[in-house]
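Undergrad: coordinates only, no sequence provided:
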Ligand code: NDP
Ligand code: 2IT
C-alpha cells in the first residue's frame with residue numbers, strides 16, 4: 001500500500017509541476033491515510049486518492065481595476081472548486097502578493113477535509129488573488145473587490161459555492177464584494193459569509209477561528225488532565241485569527257506574550273495588551289512598531305533580526321505555541337527550540353503553519369499537536385452557522401452561536417481522537433483528523449458513482 005501512495009504522490013508531482021505547497025499538503029494527508037487504505041481496499045478499488053487530488057474545476061481570471069492615479073492595473077483571480085461531495089463548495093478568499101495557483105490549491109485541498117470534520121454539509125474550495133491590499137486606499141480596495149466579484153459572481157451561489165475571508169480579506173472586503181454581487185444579480189442571498197451584522201452576518205463569526213482554536217487546545221489539554229489556565233502561550237500573527245486567539249487565551253486565564261506581523265514581532269512579558277492590539281490592527285491598520293510606543297517595556301524584534309532560518313516568535317519559552325499567521329512559519333529549527341524550552345503543545349491556528357519536518361519532530365517527540373484542519377475549523381464551521389441562519393431567516397444570540405462552536409470543536413476533537421485510537425495510534429490527532437475527514441468524503445464519492 002505504501003507503493004500505492006508513492007504512485008499517487010509521483011503522479012501529483014508530475015501533473016502539478018512547481019506547486020510545492022500543494023504537494024506538501026497532499027503528502028501530509030496521503031501519508032497519514034496509509035492505515036485506512038490498508039484496512040479498507042475499497043478506496044483503492046474506487047481510485048479515490050487519484051480522484052480526490054484533482055479539483056472539480058479551477059477558475060483563473062484577470063481582475064482589472066483602476067488605481068487612484070487613474071491607471072489601469074491588473075491582478076490574477078482564482079477560485080478553485082475542489083470538492084462538492086458532501087455540500088456546496090465552501091472556503092475563504094485570500095488577497096496577498098504571495099498568492100499563486102499552488103497556494104490556493106493547497107488551501108482548497110485542506111478545506112475539503114477540514115469542512116468534513118466539522119460534521120456539517122460543506123464541500124471544499126478556496127480562492128483569492130495576488131492583489132496586495134497594503135498601501136492601497138479604501139477606494140482602490142473597493143474597486144478591486146468590485147472587479148473581482150464581477151467575474152466571481154458567475155461561479156458562486158448559496159447552494160453552489162460560498163466564499164468567505166482569509167488573509168487580507170475581512171469584513172470590509174466581504175462588504176464591497178457583497179454589494180457588487182447584489183447589484184449584478186438583484187438577489188439578496190447568503191453567497192458570502194463573514195458578512196456585517198446588519199446585513200446577514202452571524203455573531204461570533206469574527207471571533208470564531210481564534211476562539212475555536214483555543215477551544216480545541218483546551219480539549220487536548222483536558223484529555224491530559226491539564227488546562228490552559230495560568231500558562232504562558234506564544235502566538236504568531238496579529239490578524240483575525242491571532243487577535244481572537246489572544247482574546248480567548250486571556251479569557252481562560254492564560255498569558256499570551258507574543259504576536260507578530262510581516263515586519264516583526266512583539267514580546268510582552270505582561271501579556272499582550274489586547275485592546276491596544278485591536279486598535280493598531282483592526283482600527284488603524286498599522287504595523288506592530290506602534291505597540292512599543294505605548295508599552296516601551298515590551299520587546300520588538302524586526303524580521304531582519306530573526307536568526308537565519310527561524311521565526312523569533314518561537315524562541316520565546318512557552319507552554320503552548322499557536323502559529324496563527326501563515327504557511328510554513330514554524331520549521332524544524334523552530335520546533336527544536338520550542339522543545340528545548342519544554343513547550344507541551346503546538347496548536348495550528350493558521351493553515352499549514354508547520355513544515356512537514358517540524359510535524360515529524362512533533363510526532364517523534366510526543367509533543368501534543370492540534371493539526372490545522374481540526375484546530376482552525378471553528379471559522380468555517382461558524383460560516384456554516386451563518387448560512388443556516390440566512391437560509392432559515394433566523395438570528396441567533398452570541399451565546400447560542402458560541403455554544404454551538406464549542407460543541408463543534410469538541411466533536412472534531414472526539415472524532416479525531418477516536419479515529420486515532422481505531423488505528424492504534426491513540427492521541428495522534430493528525431492521523432485521526434486526516435482519516436476521519438477523508439473517510440466521509442471518500443464514502444460519499446463511492447455512493448455517488450463516477451464523480
Ligand atoms: P489576516 O489577514 O487577518 O492576518 C494575517 C496575519 O499574518 C497578519 O498579522 C499578517 O501580517 C501576517 N502574515 C501574513 N502573511 C505573512 C507572511 N508571509 N509572513 C509573515 N506574516 C504574515 O489573516 P487571518 O488571521 O484571517 O489568517 C491567518 C491564518 O489563519 C492564515 O493561514 C489563514 O489561512 C488561516 N485561517 C483563517 C481563517 C479565518 O476565518 N480568517 C480560518 C481558518 C484559518 P501583516 O499584517 O503585516 O500582513
Ligand atoms: O481557512 C479557512 O477555513 C477560512 N479561511 C474560513 C473559510 C470560511 O468559509 O469561513
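TA: Looks like it arrived, so ask away. Note that the coordinates shown come from a computational prediction; the quantities given were computed from them, not determined experimentally. Ligands and ions are numbered 1, 2, ... in the order given.

Undergrad: report the distance from stretch 153-162 to the chain centre.
TA: Averaging C-alpha positions (CA atoms, centre = their mean, to the nearest Å) puts stretch 153-162 21 Å from its chain's average.

Undergrad: same deal with stretch 62-79?
TA: Here the centre of stretch 62-79 is set off from its chain's centre by 26 Å, with CA atoms, centre = their mean.

Undergrad: same check, this time on stretch 6-20
TA: 23 Å.

Undergrad: next up, the contacts around residue 234.
TA: Residue 234 is in contact with 256-258, 313-314, 316, 318, 320-322, counting by CB atoms under 8 Å, 6 or more residues apart in numbering. Any C-beta I mention is one placed from the backbone N, CA and C, and that applies to glycine too.

Undergrad: tell me which element it is part of?
TA: Secondary-structure assignment from DSSP states H and E places residue 234 in strand 232-235.

Undergrad: that strand near ligand 1 at all?
TA: No: Strand 232-235 lies out of reach of ligand 1 by CB under 6 Å from any ligand atom, never closer than 10.3 Å.

Undergrad: dihedrals phi and psi, the spatially most central residue of the chain?
TA: Note on the chain: the residue nearest the mean C-alpha position is residue 351, at 4.1 Å, using CA atoms, centre = their mean. Taking degrees, to the nearest 10, you get phi -90, psi 120 for the backbone angles of residue 351.

Undergrad: that one contacts residue 375, correct?
TA: No: counting by CB atoms under 8 Å, residue 351 does not reach residue 375; the two are 10.2 Å apart.

Undergrad: next SSE downstream of the strand holding residue 234?
TA: Moving toward the C-terminus from strand 232-235, the next helix or strand (DSSP H and E) is helix 240-251.

Undergrad: how close does residue 51 sit to residue 19?
TA: From residue 51 across to residue 19, the span is 18 Å (CB to CB, to the nearest Å).

Undergrad: of the two, which one has the most company?
TA: Taking neighbours as other CB atoms under 10 Å, residue 51 and residue 19 compare with residue 19 leading, 20 against 14.

Undergrad: list the contacts for the closest residue to that one other than its chain neighbours?
TA: Excluding its sequence neighbours, the residue lying closest to residue 19 (CB to CB, 6 or more residues apart in numbering) is residue 102, at 3.7 Å. By CB under 8 Å, 6+ apart, the contact set of residue 102 is 16, 18-23.

Undergrad: and of these, the nearest to ligand 2?
TA: Relative to ligand 2, the closest of the contacts of residue 102 is residue 21; by CB to the nearest ligand atom it sits at 13.8 Å.

Undergrad: the closest one: how many residues sit nearby?
TA: As a burial measure, residue 21 scores 21 neighbours (other CB under 10 Å).

Undergrad: surely it is within a helix?
TA: Yes: counting by DSSP: H, G, I helix; E, B strand; the rest coil, residue 21 is located in a helix.

Undergrad: how about the contacts made by it?
TA: Going by CB under 8 Å, 6+ apart, residue 21 touches 102-103, 105-106, 327-328, 352.

Undergrad: ok, which pair from these is furthest apart?
TA: Farthest pair in the contacts of residue 21 (CB to CB) is 105 and 328. Separation: 15.2 Å.
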